[in-house]
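Student: Fold the following, please.
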Amino acid sequence: MPELSPDYLNIDFATLKTRIQTQLAANDTFADYDYEGSNIAVLIELVAYLGDLTTFFANKIAKNIYIDTADIYENVHRLATLVGYDPKGYRSAQTTLSVTVSGGVTQGDVLTINAWHKIACTSDTVDPDGNIINFSTVTDQTISAGSLPYTFEVHARQGDVTTLGPYTGDDIVDNDLILPTGEYGYDDDLDDVNVTVELQVDGTSWTRVADFYDEISGLTSVNEVFKFEYDKYKRHKIKFSSSRTVPTRDNTIYVIVLASQGPDGSVGANTITTPDASFIFNVNTGLPLDNDLVTVTNAVATTSSSDPETVDDIRDSTKGALHAQYRNVTASDYISSLESRSDVDVAQAWGEKEVAPSGDYTEYNKVHLSVIPNVWGTGTINTSASPAGYVVPTAYSSSYQTTLEEYLEPRKMLTVYEEWEVPTLVYFDFDIGIRTQRLYSYADVYTDVYNKLVWYFDNSLREFNETLNFMDIHEFILDTTQQSSTDTFSNVAGIRNLNIRDIDCLTHTIQAYGASTYPRYEESAWTGDNTLRPIELGYDQFPAVNIDTCTFTEEN
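Tutor: From the prediction side, this is the model:
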């Protein structure tokens, strides 16, 4: 009996067409029918085409029912919000500015700096469109001047201050106020005082919250609250709740946001230098300070900039949030919480069982934490340069560690305390032989192999405590489907043979299998010793490549 309903994995256009013809051939009328150029061939192709489309959309719908397999942004966003995770939009670079006053004040004078003051970068620090990158203060600050010259710190975030409005309650639909299209700063941590958006209703600032129904937030008695969201259509909106106060048509609403450059707004140290007029106000004299008496700079490079979360980012963050329920209980909870920050590329957490499998009372309730920041430096983790030129992490910046601790504090268990471990970068180099196809030049193939090896060790692709396997690297380089967002590595298709002859660890000695220190061979030694067997890293160790000492050889 002919099969009327083919396997759903094998019903594309060509297969459907063939199956219909096979089905018709079972009928005596069409047993020896020549379909080429016939009218019925058009009908067969039409039915096959419709069947192909129907199958595609049916599979697409089935695939997007669950967040594990969903691949449409709108649907991934919707599924994430169903379990309480709000996907993040653009996040502006942030830094701490050092402000020095050299005159115009007397010791004890009260100085104020209001939110939304612009501080421009140097003229050679521009965005991709050639515009000078601007930063802004994000909170009101009051300072009592000390002896001159007096220096204090001010927090700033990248973005052009933009005031949207006026709106009224008539502009609010289903408790949502949709903002004009733009790239507005979202923020990493809604619990700190450094805001990226301000809502004013009749001149009064309302409070931004992460959850309208958080009974332990201390805000349940405050009804003038709002949420700032990046919705499934990639729009920004202000959201109100019927259980709190919603502005009416008699209210006048303004929204102050930062037009963000995302990662393009990141700048280096000593580049944020030029505040706008009346940057500092002297309350005692009732006059603003002359900017000639004010010096502003950023001692360290900015951090925390990011584009909106991708489908993969949302999926990973949602799983972590759902698993932890916003409480850090397991190592995965800590990792998920830390990696949701745009200033953390990779995080690691481990505890007693990893440190002392047989038990150690000194490790009770202790969580060891280590992170790879998105930017190394005095604003995150201090480093030193080795004689070979690679980066060596030395210590956490006290302000960065405090920021991370404050971020984790609302999510921690009461009896647990964290111990921050400086990440150890384990540098490898490789001896690689390349034999190319006849129609490819060695120079082009070498360049793409070089760049793809660098990308393999990109922070986004690697993890702490990883097992480095030369076979994985070999397959990764040869796999033409492995492409970054900026490079297709198309010339790896010209590789005829790729040989990884040797792997050296530049910063550590590889220990034998069974050793208590890392890195070590994952498997016990063979007779004759195979130097390319997998290498296992420790819990605080992160793999890196020192590409300058890698050797690439053209083979005949």
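
Student: show me the contacts for the nearest residue to Arg411 once chain neighbours are set aside.
Tutor: Nearest residue to Arg411, sequence neighbours excluded (CB to CB, 6 or more residues apart in numbering): Asn328, at 4.7 Å. Backbone N, C-alpha and C define where each C-beta goes, glycine included. For Asn328, the contact set (CB atoms under 8 Å, 6 or more residues apart in numbering) comprises Tyr334, Ser337, Val367, Leu408, Arg411, Lys412, Met413, Val416.

Student: ok, the last one - how many residues close by?
Tutor: It stands for Val416. Applying other CB atoms under 10 Å, we find 15 other residues in the vicinity of Val416.

Student: got it, and the first one?
Tutor: When neighbours are defined as other CB under 10 Å, Tyr334 has 26 of them.

Student: My reading is that it lies in a helix. Confirm?
Tutor: Yes: per DSSP: H, G, I helix; E, B strand; the rest coil, Tyr334 lies within a helix segment.

Student: That one touches His368, doesn't it?
Tutor: No: counting by CB atoms under 8 Å, Tyr334 does not reach His368; the two are 9.7 Å apart.

Student: got any residues that touch both of those two?
Tutor: By CB under 8 Å, 6+ apart, the residues touching both Tyr334 and His368 are Ala349.

Student: ok, longest helix in this structure?
Tutor: Criterion DSSP state H: the longest helix present in the chain is helix 39-63.

Student: so what does it touch, helix or strand wise?
Tutor: On a contact count with 3 or more CB pairs under 8 Å, 6 or more residues apart in numbering; DSSP states H and E, helix 39-63 meets helix 13-25.

Student: Specify the beta-bridge partners of Phe430.
Tutor: On the basis of DSSP bridges, Phe430 is bridged to Ile503.

Student: Can you spell out which helices and strands pack onto the helix or strand just after the longest helix of the chain?
Tutor: Under the assignment DSSP states H and E, the closest C-terminal helix or strand after helix 39-63 is helix 73-82. The elements that helix 73-82 packs onto, with contact taken as 3+ CB pairs under 8 Å, 6+ apart, are helix 311-324.

Student: tell me the average confidence for the helix it packs on?
Tutor: Averaging pLDDT along helix 311-324 yields 82.

Student: So what angle separates the directions of that helix and helix 73-82?
Tutor: Comparing the axes of helix 311-324 and helix 73-82 via axes from the mean of the first three to the mean of the last three CA atoms, to 10 degrees yields an angle of 10 degrees.

Student: Identify all contacting residues around helix 311-324.
Tutor: By CB under 8 Å, 6+ apart, helix 311-324 touches 67-68, 70-73, 76-77, 79-80, 83-85, 87, 309, 330, 332-333, 335-337, 339-340, 411.

Student: Which members of the residues you listed are classed as buried?
Tutor: 67, 70, 73, 76-77, 79-80, 85, 87, 309, 333, 335-337, 339-340 (16 or more other CB atoms under 10 Å).

Student: Just the buried residues of the host helix or strand of Phe476, please?
Tutor: Assigned by DSSP H and E, Phe476 falls within helix 470-478. Using 16+ other CB under 10 Å as the test for burial, helix 470-478 gives Phe470, Ile473, Ile477.

Student: Name the nearest residue to the second one, sequence neighbours excluded.
Tutor: Spelled out, it's Ile473. Nearest non-adjacent residue to Ile473, counting by CB to CB, 6+ apart: Tyr456, 6.1 Å away.

Student: repeat for the last one
Tutor: Setting aside the residues directly before and after it, Ile477 is nearest to Lys452 in space (CB to CB, 6+ apart), at 5.2 Å.

Student: quick one: low-confidence parts of the stretch 401-550 of the chain?
Tutor: Applying pLDDT under 70 to the stretch 401-550 of the chain flags residues 414, 525-531.

Student: all strands in it, in order from the N-terminus.
Tutor: Secondary structure of the stretch 401-550 of the chain (DSSP state E, counting those that start in this stretch): strands at 417-420, 424-436, 467-468, 495-505, 520-521, 535-536, 541-545.

Student: Pull the residues that contact the fifth one.
Tutor: Yep, that's strand 520-521 we're talking about. Residues outside strand 520-521 that contact it (CB under 8 Å, 6+ apart): Ile510, Gln511, Ala512, Tyr513, Gly514, Arg533, Pro534, Ile535, Glu536.

Student: Please, a PyMOL command that selects the buried ones among those residues?
Tutor: The buried residues among the contacts of strand 520-521 can be selected in PyMOL (16+ other CB under 10 Å) with this line:
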select buried, resi 510+511+533+535+536
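
Student: Helix, strand or coil: sort out the residue nearest to the spatial centre of the chain for me.
Tutor: Note on the chain: the residue nearest the mean C-alpha position is Ser342, at 4.8 Å, using CA atoms, centre = their mean. Of the three states, Ser342 takes coil under three-state DSSP.

Student: can I assume it is in contact with Val375?
Tutor: No: Ser342 is beyond contact range of Val375, at 10.6 Å (criterion: CB under 8 Å).

Student: did I read that right, Thr297 in a strand?
Tutor: Yes: under three-state DSSP, Thr297 sits within a strand.

Student: ok so, going back, look up how far Leu404 lies from the residue nearest to the centre of the chain.
Tutor: 13 Å (CB to CB, to the nearest Å).

Student: same check, this time on Thr29
Tutor: Thr29 is 76 Å from Leu404, by CB to CB.

Student: again with Ala14
Tutor: 55 Å.

Student: do the same with Pro357
Tutor: Using CB to CB, Pro357 is found at 27 Å from Leu404.
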